[in-house]
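Q: Fold the following, please.
(chains A, B, C and D)
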2 protein chains.
Amino acid sequence: MKLTTKTRYGVRAMFDIAYHNRGAPTQAKDIARRQNIPQRYLEQIFQELKRAGLVDARRGPRGGYYLTRSPEDIRLGDVMRALQGPIERLFAVDGEPDDDVHTSLWRDLARKVAACFDEVTLRDLCERRDKQRAMYFI
Amino acid sequence: MKLTTKTRYGVRAMFDIAYHNRGAPTQAKDIARRQNIPQRYLEQIFQELKRAGLVDARRGPRGGYYLTRSPEDIRLGDVMRALQGPIERLFAVDGEPDDDVHTSLWRDLARKVAACFDEVTLRDLCERRDKQRAMYFI
DNA sequence: TTAATCTCTACCGGGTTACTCGGGAATCGA
DNA sequence: TCGATTCCCGAGTAACCCGGTAGAGATTAA
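A: Predicted coordinates:
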């Protein structure tokens, strides 16, 4: 059980869009540079985020990716689900009866964990960042 | 990010000891049969649980493993930490500065998640089981 | 002593992760 | 219309980890 690099990249990328460009498309190239992510890898991550409906893209010069909802409406859980499937099934095992003690235990826990991720939005991340910058410059 | 089979096995095994044998050593063979776990694999899992101080063992005939603390004193988090390292560092990435937004985000989240696991004890699992058995037989 | 049980170490195959790469499709500016 | 730019799609791959098997040794009960 470990957070995948893909998910971390995805969160960083979504945050980057929310933080730097409000509205205007942000290019993968720039995100890759700022967030230190291999560009070609980032591109396929964005494909998954797009398929999940979290971002949309415009091609050609001055193209890029942009959020389909406002940052306070995109939760960390959404990004994770897009990149690694439903968190609720994180601990699920197929082939075990549903009335089993352990099955229900892991199901309950997975829900609680999912709730943790759903508590945080992209806007929260931006505010966090602003606060930290403020502290850093005092 | 996925719960490892090893951890699931470990939790089942610890539960099995707590539920079936209070005090007397429980043999790996029996646990493996009851919980449907490959015996030889279970044995090495127990080595880790032993190193973590959660169980102790007696060798030879009528030997087996036994809990070193009472079930209400063993949390799910303890078992997980024994088998897959500190939950608090679940999302940690080495080589990133500690004042980074994302680093602190994942740290905070990991703590919350860890708290979820630390809320549940082996005794809770036993009670869950009893309740479910009761329902099943009504 | 003998049999049972845990203990230590090594090994291994299959699957996943984290990429790279080539080339195609849309879009904008001129 | 042309060409540069950017996203889009699919294939390939090296390294790693997970789940499990196995041999042989140490310890203990009867």
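Q: Which residue ranges of chain A form strands?
A: A:55-58, A:64-67 (DSSP state E).
Q: does the last one come close to DNA strand C?
A: To tie it back to what came earlier, the one meant is strand A:64-67. No - figure legend: strand A:64-67 not in contact with DNA strand C (Cβ under 7 Å from any atom of the strand); closest approach 10.6 Å. Where you see a C-beta, it was placed from the backbone N, CA and C, and this is true even at glycine.
Q: Tell me the helices and strands packed up against that strand.
A: helix A:5-20, helix A:28-35, helix A:39-51, strand A:55-58 (3 or more Cβ pairs under 8 Å, 6 or more residues apart in numbering or on different chains; DSSP states H and E).
Q: and if you look at the first one?
A: Using 3+ Cβ pairs under 8 Å, 6+ apart as the contact criterion, the neighbours of strand A:55-58 among helices and strands are helix A:39-51, strand A:64-67.
Q: Contacts made by the first one with the rest, please.
A: If I follow you right, that is helix A:39-51. A:6, A:9-10, A:13-14, A:28-29, A:31-32, A:55-57, A:65, A:79, A:82-83 (Cβ atoms under 8 Å, 6 or more residues apart in numbering or on different chains).
Q: about what we covered before: so can I have a markdown table of the strands of chain A showing distance to residue B:73 and mean pLDDT?
A: Formatted as a markdown table, the strands of chain A follow (distance: least, Cβ to Cβ, whole Å; pLDDT from 0 to 100):
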| stretch | distance to residue B:73 | mean pLDDT |
| --- | --- | --- |
| strand A:55-58 | 48 | 97 |
| strand A:64-67 | 47 | 97 |
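Q: Would you reformat those strands as a markdown table and include distance to DNA strand D and mean neighbour count?
A: A markdown table is the format used below for the strands of chain A (distance: least, Cβ to the nearest atom of the strand, whole Å; neighbours: other Cβ atoms under 10 Å in any protein chain shown):
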| stretch | distance to DNA strand D | mean neighbour count |
| --- | --- | --- |
| strand A:55-58 | 3 | 16 |
| strand A:64-67 | 4 | 20 |
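Q: could I get the helices and strands packed on strand A:55-58 as CSV with distance to residue B:113?
A: Listed next are those as CSV, based on distance: least, Cβ to Cβ, whole Å:
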stretch, distance to residue B:113
helix A:39-51, 23
strand A:64-67, 26
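Q: winner for burial among the helices and strands packed on strand A:64-67?
A: helix A:5-20 (a mean of 21; mean count of other Cβ atoms under 10 Å in any protein chain shown).
Q: Can you list the helices and strands that it packs against?
A: Here helix A:5-20 is seen to pack against helix A:28-35, helix A:39-51, strand A:64-67, helix A:76-84, helix A:122-137, helix B:101-118 when contacts are counted using 3+ Cβ pairs under 8 Å, 6+ apart.
Q: how does it look with 7 Å?
A: Counting contacts by 3 or more Cβ pairs under 7 Å, 6 or more residues apart in numbering or on different chains; DSSP states H and E, helix A:5-20 packs against helix A:28-35, helix A:39-51, strand A:64-67, helix A:76-84, helix A:122-137.
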